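S.K.: coordinates for the following, if possible.
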Amino acid sequence: MIPKTYSSFLLLEDGKICQGWSFSNCLMSMGEVVFNTGMTGYQEVMTDPSYFGQIVLFTYPEIGNTGINDQDLESLRPYIKGIIAKNICLNPSNWRSQKSLAQYLIDQNIPHIFGIDTRSITQYLRDKGVMYGCISSSLLSPSKFMKKLEQFASLQNINLVNKVTTPISYKWSPRLLPRFEYASNHNMQNINNHLHVVVIDFGVKFNILNRLSFSGCNVTVVPSTTSYDIIMSNKPDGILLSNGPGDPSLIDNSIQTIQHLINSNIPLFGICLGHQLLSLALGATTSKLKFGHRGLNHPSGLYNQVKMTSQNHGFVVSVNTLPKDLVDITYLNLNDCTIAGVVHNFKPCFSVQYHPEASPGPHDSDYLFNHFIKVIKAFKYNY
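M.R.: Below you'll find the predicted structure:
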């Protein structure tokens, strides 16, 4: 059954208007309009808590070809404010597909617009920078739109992690969401089952938890507001600082907690927002990018070593603020030479700005989880 379509509008804060279509006639959603260059992975993007508060524009000309399934969810519900697409496939073809993307958008009440030139808008955002925007089923007058946008923007300078972190601690089991890509790693589950990793949830993706679990670790997830004493009471062998949304400089309490964790000599691994928070705890500062890094094909490396990485962030660690006596840069984003990875010279702490657990990929940096486990073992048994 082909869903009915309705006329819809995309409005940007500088007054630019685009007309398209949607499968709902009662749309109204505001958010930061950002673009993702991945050729696939739309389901993972929509359920990634790091995209909280954002309207995601997909540059690939058609999304929805493989439908939606339960295994590729990165959280229990979508967190995005909306999506923008050129075409949405109505007849997906994949052996795991359980419903079409169109039906998923309707079922989850996700604001959306399609039938517009997404490549043109991407070029526009690259030139102007990311900006707030609105998806609406009715064309607002300029004055009404600007008033709503000003009200929305005034509420955005907040700690977004509080909106997505778990309210309670819990033990993670990979049986909750089995992942096909790790089926060959089941024999590893008994190797490291004596290792306990505590994941501080700033907006964690399921695949990070699954990656640790399928490597054989016992995983406990704790809220972002968890104190140092409570984290230590869990007796972690290693601690992972997860991904998440928003401005890292606004997460003050967590930065102070991480400072204490660094001094505990328990191995720390930071991913994306976790990388930024670790760097802030070490004395660096962060800044906002003009249009961010969001996609599956970002080259990262150093010293003639290049890996393709999945990235999703609007902020970066400012290179000139890193304490060079304490920290070495391990990776750079080779598109713009921003920092993509750091390691502490004296403590078992390292982090990357990209996603080594990336699903659907690439998997060039998947080895970092094994490296994390090796560091945990070294400190557990030798110190």
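S.K.: which strands or helices does the strand or helix carrying residue 377 pack on?
M.R.: Under the criterion of DSSP states H and E, residue 377 resides in helix 367-382. Where contact means 3 or more C-beta pairs under 8 Å, 6 or more residues apart in numbering; DSSP states H and E, helix 367-382 is packed against strand 238-241. In this view, the C-beta of every residue, glycine as well, is placed from N, C-alpha and C.
S.K.: make it 10 Å
M.R.: Secondary-structure packing of helix 367-382 (3 or more C-beta pairs under 10 Å, 6 or more residues apart in numbering; DSSP states H and E): strand 196-201, helix 206-214, strand 238-241, strand 268-271, strand 349-352.
S.K.: least reliable of the ones you listed by average pLDDT, please.
M.R.: Lowest mean pLDDT of the helices and strands packed on helix 367-382: helix 206-214, a mean of 94.
S.K.: got the CA coordinates for whatever helix or strand comes next after that helix in CSV?
M.R.: For helix 206-214, the following helix or strand on the C-terminal side (DSSP H and E) is strand 218-223. Presented in CSV, the C-alpha positions along strand 218-223 are these (Å, rounded to 0.1, in the frame of the first residue of the first chain):
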residue,chain,number,x,y,z
ASN,A,218,30.7,-7.9,31.3
VAL,A,219,29.2,-4.5,30.7
THR,A,220,27.5,-2.2,33.1
VAL,A,221,25.9,1.0,31.8
VAL,A,222,25.6,4.0,34.2
PRO,A,223,23.9,7.4,33.8
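S.K.: and strand 218-223, which residues are buried?
M.R.: Using 16 or more other C-beta atoms under 10 Å as the test for burial, strand 218-223 gives 218, 219, 220, 221, 222, 223.
S.K.: nearest to residue 128, of these?
M.R.: residue 223 (36.8 Å; C-beta to C-beta).
S.K.: identify the bridge partners of that closest one.
M.R.: Counting by DSSP bridges, residue 223 is bridged to residue 201.
S.K.: wait, it sits on residue 161?
M.R.: Yes - judged on C-beta atoms under 10 Å, residue 223 makes contact with residue 161 at a distance of 9.5 Å.
S.K.: shared neighbours of these two, anything?
M.R.: 200, 201, 202 (C-beta atoms under 10 Å, 6 or more residues apart in numbering).
S.K.: from residue 254, how far off is the residue nearest the centre of the chain?
M.R.: Residue closest to the average C-alpha location in the chain (C-alpha atoms, centre = their mean): residue 50, at 3.7 Å. Here the distance between residue 50 and residue 254 works out to 15 Å (C-beta to C-beta, to the nearest Å).
S.K.: what count of nearby residues applies to the residue nearest to residue 225 when sequence neighbours are not counted?
M.R.: Spatial nearest neighbour of residue 225, excluding adjacent residues (C-beta to C-beta, 6 or more residues apart in numbering): residue 253 at 6.4 Å. Residues lying near residue 253 (other C-beta atoms under 10 Å) number 12.
S.K.: before we move on, what SS does residue 253 have?
M.R.: The local conformation at residue 253, judged by DSSP: H, G, I helix; E, B strand; the rest coil, is helix.
S.K.: per-residue pLDDT of it, please?
M.R.: 91.
S.K.: repeat that for the one 5 residues further on.
M.R.: Residue 258 is assigned 98 on the pLDDT scale.
S.K.: same deal with the one 3 residues further on?
M.R.: Listed pLDDT for residue 261 reads 98.
S.K.: kindly report the same for residue 152.
M.R.: 77.
S.K.: all helices for the stretch 101-250 of the chain, in order.
M.R.: Residue ranges of the helices in the stretch 101-250 of the chain, as given by DSSP state H, counting those that start in this stretch, are 101-107, 118-128, 142-153, 161-164, 206-214, 228-233.
S.K.: and the ones you listed: which comes nearest residue 247?
M.R.: Ranking the helices of the stretch 101-250 of the chain by proximity to residue 247 (C-beta to C-beta) places helix 161-164 first, at 9.7 Å.
S.K.: who touches the helix or strand of the chain with the lowest mean pLDDT?
M.R.: Between all helices and strands in the chain, the lowest mean by mean pLDDT, DSSP states H and E belongs to helix 142-153, at a mean of 77. Identification of contacts with helix 142-153 by C-beta under 10 Å, 6+ apart yields 9, 11-13, 15, 17, 28-32, 53, 81, 131-134, 136, 139-141.
S.K.: distance from stretch 356-372 to the middle of the chain?
M.R.: 14 Å (C-alpha atoms, centre = their mean, to the nearest Å).
S.K.: show me the shaky parts of the stretch 151-300 of the chain.
M.R.: 155, 175-193 (pLDDT under 70).
S.K.: oh, I was asking about the stretch 1-150 of the chain
M.R.: 1.
S.K.: now, of the contacts of helix 142-153, which are buried?
M.R.: 9, 11-13, 29-32, 53, 81, 131-134, 136, 140.
S.K.: return the subset of those lying in strands.
M.R.: 9, 11, 12, 29, 30, 31, 32, 131, 132, 133, 134, 136 (DSSP state E).
S.K.: tell me the contacts of the third one?
M.R.: Think residue 12. Counted by C-beta under 10 Å, 6+ apart, residue 12 has contacts 18, 33, 121, 124-125, 128, 130-134, 145, 149.
S.K.: how about the second one?
M.R.: Residue 11 sits next to 17-18, 30, 33, 132-136, 139-140, 142, 145-146, 148-149 when contact means C-beta under 10 Å, 6+ apart.
S.K.: any idea what it is bridged to?
M.R.: Beta-bridge partners, per DSSP bridges, of residue 11: residue 17, residue 134.
S.K.: ok, it to residue 130 distance?
M.R.: Residue 11 sits 15 Å away from residue 130, taking C-beta to C-beta as the criterion.
S.K.: same deal with the fifth one?
M.R.: Distance of residue 30 to residue 130, computed by C-beta to C-beta: 14 Å.
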